[in-house]
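Colleague: Okay, predicted coordinates and the sequence, questions at the end:
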Amino acid sequence: MTGKVLELQNVIAPDQQATQITEYFTQWDLLRNAWKVEKEEIRRYVYATDTTKTTNAQLPWKNKTTVPKLCQISDNLYSNYTATLFPQRKWLVWEANERDANSREKRDAIANYMQWVISQPSFKHELDKIIIDYIHFGNCFATVEWNDQRVELDNKVQAGYVGPSVRRISPLDIVFNPTAENFQDSPKIVRSLTSMGEIQERLERMSQDEMTDDYRKLYNYLKEIRWTARTWQGDWIQRDRLYAMEGFTSFRNYLMSNWVETLTFYGDWHDTYTEEFKKNRVVTVVDRHKLISDKPNPSYFGNPPIFHVPWRKKQDNLWGMGPLDNLVGMQYRLDHIENMAADVWDLVTYPVQMVTGFVEEFVWEPGAKIFAGEEGKVELVTPDVQILQADMKLERLAGLMEEMAGAPKEAMGFRTPGEKTKYEVQRLENAAARVFQNKIKQFEEQMVEPLLNAMLELARRNMVGVTTIKVFDTQYNDVSFQDLTVEDITGIGRIKPVGARHFAEQADLIQNLTQLTSSGLWPTVQPHFSGLKLAQILSQYFNIDDYDVVQPYVALAEQADAQKKTNALQEQIHMAAGTATGLGEDYHLSPVPRGQASSVPQIGGQGQ
């Protein structure tokens, strides 16, 4: 296994260890300068409004139009990735690896807690940023941190979220050994810029985590060195050269500000001189020379909770490629042909004038008069317009870019030409979307699933007391509250996301079920199929769970109610048909003729 351990030399003083870690950060960052230039060009094309913002600016064209194809592909991938990752309300389950962790109470407690955690707005907002890195950089990084949003006001604690959260790591702020066997074993150095106010805010939170001591040491050091910098009158030239801080003009200006640069090393390190070896460490360096802490990684997993997923993997290199990397040249060609054709049209509309001899000043307009000498004349130089009739195949080029990025036209709602049956369309969509399904599955397995398990592990280490969470019951469309302790969410197993289902995959499942129920095999296997489970599958894949239309035997209850109402209405009709109305012949139920009715004694009358 190569590249797993960071090799240091003669670490005698703690600050010497800090400077050597800084040297590794600088070296690894410089070695990827070409990669950073390529990513900058891609982002310029994605956010460009005209070609002056891109490398196409060097072309000598008058028109500066850019065709935002890379931007459209980026938006298309982002929309489909987010829609596929979170298609339903509950998209994770708890899989236990021991009997004690497989009880229904344990499964429900862990699943409900994690469902409550990911329902926080910060989770999807941060995951959106990670997905954009996945598309633009081809590499995305993330970690987890403990968050406490409660505040105390007038001796009262204001409610706020307390629990684990996801934090995106910019690909520009992390370096590692790309020749290692895998990212998990590679030593990593993460750069972060924070203000003194942010550090103090962490120290004053109502609940503390394992980083509190490091923040307190860092804050005390910053107060001391910043005060010294404000009163120091000596020369800072050597320090300016030695500590070239990114984003600051000099080391003195950096110290005079309220910002601090922190380098955090994760992994194993070895001293080649003293033969000292430390495994799974977390080393914090500030100002690129001061060691704040060197302690074991507190994670139960034995590895730092930093996760990475490349879009297109490379052999023997952990830095992957992105979906837009190979399309920059095609985008360059699109803009080139578009502006070239526009310039030709401009030359036809406003041709070049060739003036010979003496010609007085004139205005080029309809009906203008030009006064020229004996040998003077004005001629128009028109370009060959036949080039405009050539087929540049721009539409085919744009469609090819879509397919190469793993976003086929079917994902945007367009259908390829030709008559096809419904089954053929779905089969073609499944085949065309295989790249897309593979990339979203890769993101789910290597980023979403590790993040969820790391968040659960962080909660086990930092949760104190009782946490009240909100639980939404999709079966009864009801909201309740549940009190949990750290013992309730502790177990051996893993959180597994099960929500990522592509639209073509959903259509394929529904079609297979439809074909099965209409085939001759269905009467044989029907007794072994649960009608309620099939109804729940249809409700989930049709995305109608929120309407609560699937309930056990609800149709029978509704039919019974309908029959009761039918019987009641029929009884009312029969009663109305047997009651005298006093109109026409329907005057009285007695068989006495109408003419003799006046002589019949009346009950309760005066004659009695």
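Modeller: Perfect, thanks for sending it.
Colleague: what's in contact with the helix or strand encompassing Thr82?
Modeller: Assigned by DSSP states H and E, Thr82 belongs to helix 69-85. Helix 69-85 is contacted from outside by 42, 45-48, 91, 127-128, 131-132, 134-136, 323-324, 327-328, 330-331, 334, 398, 401-402, 405-407, 411-412, 436, 440, 443-444, 448, 499-503, using Cβ atoms under 8 Å, 6 or more residues apart in numbering. Using the backbone N, CA and C atoms, a C-beta is placed for each residue, glycine as well.
Colleague: how about the following helix or strand past it as PDB, C-alpha atoms only?
Modeller: Once the chain leaves helix 69-85, the next helix or strand it forms, by DSSP H and E, is strand 92-96. Coordinates of each C-alpha in strand 92-96 appear next as PDB, following Å, rounded to 0.1, in the frame of the first residue of the first chain:
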ATOM      1  CA  LEU A  92     -33.600   5.300   4.200                       C
ATOM      2  CA  VAL A  93     -33.800   2.200   6.300                       C
ATOM      3  CA  TRP A  94     -31.700   0.700   9.200                       C
ATOM      4  CA  GLU A  95     -30.000  -2.600   8.500                       C
ATOM      5  CA  ALA A  96     -28.900  -4.300  11.700                       C
END
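Colleague: List the neighbouring strands of strand 92-96 plus their orientation.
Modeller: strand 493-497 (antiparallel) (DSSP bridges).
Colleague: hmm, back to that, list the buried residues for the helix holding Thr82?
Modeller: 69-74, 76-78, 80-81, 84-85 (16 or more other Cβ atoms under 10 Å).
Colleague: now swap in stretch 282-297 and tell me
Modeller: Buried-residue list, stretch 282-297, by 16+ other Cβ under 10 Å: 282-288, 290-294, 297.
Colleague: average pLDDT across that stretch?
Modeller: Mean per-residue pLDDT for stretch 282-297: 85.
Colleague: Over to stretch 362-379?
Modeller: 85.
Colleague: Pull the residues that contact it.
Modeller: Contacts of stretch 362-379 (Cβ under 8 Å, 6+ apart): Gln353, Met354, Val355, Thr356, Gly357, Phe358, Val359, Glu360.
Colleague: Relative to Trp364, how far out is the third one?
Modeller: In this case it means Val355. Separation of Val355 from Trp364 (Cβ to Cβ, to the nearest Å): 11 Å.
Colleague: sorry, back to before: would you show me how to pick out the buried ones of the contacts of helix 69-85 in PyMOL?
Modeller: Buried residues within those, by 16+ other Cβ under 10 Å, are selected in PyMOL with:
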select buried, resi 42+45+46+48+91+127+131+132+134+135+136+323+324+327+328+331+334+398+401+402+405+406+407+411+436+440+443+444+448+499+500+501+502+503
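Colleague: In helices only, show me the contacts of helix 69-85.
Modeller: 42, 45-46, 127-128, 131-132, 134-136, 328, 330-331, 334, 398, 401-402, 436, 440, 443, 503 (DSSP state H).
Colleague: what about the helices in the stretch 101-250 of the chain?
Modeller: With helices called from DSSP state H, counting those that start in this stretch, the stretch 101-250 of the chain shows them at 104-118, 121-136, 196-203, 212-231, 237-242.
Colleague: Oops, could you answer that again for the stretch 501-608 of the chain instead?
Modeller: Counting by DSSP H, counting those that start in this stretch, the helices of the stretch 501-608 of the chain are 503-517, 522-525, 531-541, 554-577.
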